[in-house]
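> Just to be clear, the model below is a prediction. Sequence and coordinates:
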Number of protein chains: 2
Amino acid sequence: MSEPLRPLRRNEIRQQNEALICQAAEKVFAEAGFGGATMQLIADLAGLPKANLHYYFPTKEDLYRRVVQDIFEIWLHAAEAMDSAPGPVEGIGAYIEAKMEISRRHPDGSKVWAYEVMHGAPVIQDYLETTLRDWTSGRVRLIERWIAEGKMARVDPEHLLYMLWAATQHYADFGHQIATLNGQPLTDADWQRATDSVKTMILRGIGAV
Amino acid sequence: MSEPLRPLRRNEIRQQNEALICQAAEKVFAEAGFGGATMQLIADLAGLPKANLHYYFPTKEDLYRRVVQDIFEIWLHAAEAMDSAPGPVEGIGAYIEAKMEISRRHPDGSKVWAYEVMHGAPVIQDYLETTLRDWTSGRVRLIERWIAEGKMARVDPEHLLYMLWAATQHYADFGHQIATLNGQPLTDADWQRATDSVKTMILRGIGAV
DNA sequence: AATTTTCTTGACCACTTGGTCAGGCTATGA
DNA sequence: TCATAGCCTGACCAAGTGGTCAAGAAAATT
């Protein structure tokens, strides 16, 4: 927003413009999908000429890939809350809170990810097969340990993870539907209630008290 | 698939071609989104010349609207299982089963719906505000009654509905991700386990035994 | 058989798209 | 100060887009 008074250094220029473009791209990709998004729209939203986008990101797909990867990073980071916990109440509780917070702060990113996966993950298939699969199997073992230690009921760990992803991301991906049914966008209190509801139902659902 | 030997009656032609086009459109819209889908692709998949699509559906948006409405009908129909039930165990259990079955049989339809809502529901906003809102408030009252009758724990009915939608539709919308993590598409037994897992966790989560 | 109505389709068009490029501009390093 | 390398951008293009249309084929109606 603010025009800096001092001339920018080379690195700053690149970093700042890439961030500006990514931010605009995330929004446009979320609103229109890959096919519906146009470089012109992204350029306008970023306040740059279209040719400038192609200077930083040679193709539309390059830009899209960058946006998807950014979200993936955020989600992976959120999962750390789970690992250091002594049991499911703290671990899964914290994970739900982190993921709900992301749904609230990065709804566009969540939508772009949903869009990408829904369409067969043409761009991040390798991430699914490597990073995400590894992460998942690690968490599955963690949950199995908690079950073995009697800290929660015997549930299928994979399907518990799917439910966690589904329940939390739903508030981002289907935020418009929720806001419509709610009569208005969720307030701070609404988000708190949503988070509490998800936590309560899931923690009780897996028999963690 | 089978070419009928007898000449078709007018009504049959119209009905058959519209169904053929809708079927192809559902798949293409699910795979590419509204913006990414092209009438040419849909035409090719339906095995008809593009101009013929425009005879039955004047614009791309008309066709898209039809596809979205079809899915909405299916989901509304699935909800009937909930109403005639004596309590949450039967009612919500049956609803989960019905919705999981739809996720399995109509994954493309579910994706198109998700796509539509994610992008602000430009086409079916009125449905959200009328039909879906009415349906939702009816189900909220039903759940509140069950709570009042002590048949389940005191949970927020709206957020329970969101969780039901999220958990079941996730298996359609994110089916590709699930299949990747699973190493292969879900088998019959996998679907059964998924349905059982969702039912078990949610029913326990709402304190319905 | 004649006529009307519905269906079919190749050719076409105005418009938009992602992407290019040459030439100008600006910071940096010597 | 000057040369170099990185940044910026208006004008442009080939490819594809949704949609049209006129002329014909096929079914229905008389």
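Sure, I can see it.
> can you pull out the helices in chain A?
Under the criterion DSSP state H, chain A contains helices at A:10-36, A:39-46, A:50-56, A:60-78, A:80-83, A:88-105, A:107-118, A:125-127, A:133-148, A:157-173, A:175-182, A:188-205.
> Listing request: residues of chain A with sub-threshold pLDDT.
Residue ranges of chain A with pLDDT under 70: A:1-8.
> residues from it in reach of DNA strand C?
Within chain A, the positions adjacent to DNA strand C are A:7-10, A:37-41, A:50-51, A:54, A:58-61 by CB under 7 Å from any atom of the strand. Just so you know, the C-beta spots here come from the backbone N, C-alpha and C atoms, and that holds for glycine as well.
> The helices of chain A: which one's closest to B:T168?
Taking CB to CB, helix A:157-173 is the member of these nearest to B:T168, at 8.3 Å.
> between the closest one and helix A:10-36, how big is the angle?
100 degrees (axes from the mean of the first three to the mean of the last three CA atoms, to 10 degrees).
> how many other residues sit next to the closest residue to DNA strand D within chain A?
Nearest residue of chain A to DNA strand D: A:A51, at 2.8 Å (CB to the nearest atom of the strand). Using other CB atoms under 10 Å in any protein chain shown, A:A51 has 9 neighbouring residues.
> domains of chain A?
Split into domains by automatic domain parsing, chain A comes to A:10-58, A:65-205.
> Same list (the ones you listed) but as CSV, adding distance to chain B.
Listed next are the domains of chain A as CSV, based on distance: least, CB to the nearest CB, whole Å:
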stretch, distance to chain B
domain A:10-58, 2
domain A:65-205, 3
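> looking at those, which is closest to B:H119?
Among the domains of chain A, the nearest to B:H119 by CB to CB is domain A:10-58 (6.0 Å).
> Identify, out of the helices of chain A, the most deeply packed stretch.
helix A:107-118 (a mean of 25; mean count of other CB atoms under 10 Å in any protein chain shown).
> thinking again about what came up before, which one, of the helices of chain A, ends up nearest to B:S197?
helix A:157-173 (3.6 Å).
> Give me the helices and strands touching that closest one, please.
Here helix A:157-173 touches helix A:88-105, helix A:107-118, helix A:133-148, helix A:188-205, helix B:107-118, helix B:157-173, helix B:175-182, helix B:188-205, going by 3 or more CB pairs under 8 Å, 6 or more residues apart in numbering or on different chains; DSSP states H and E.
> which residues sit in contact with the closest residue to A:M163 other than its chain neighbours?
Excluding its sequence neighbours, the residue lying closest to A:M163 (CB to CB, 6 or more residues apart in numbering or on different chains) is B:A167, at 5.2 Å. Residues in contact with B:A167 (CB atoms under 8 Å, 6 or more residues apart in numbering or on different chains) are A:Y162, A:M163, A:A166, A:A167, B:I96, B:V198, B:I202.
> same check, this time on A:N17
A:L48, A:N52, A:Y56.
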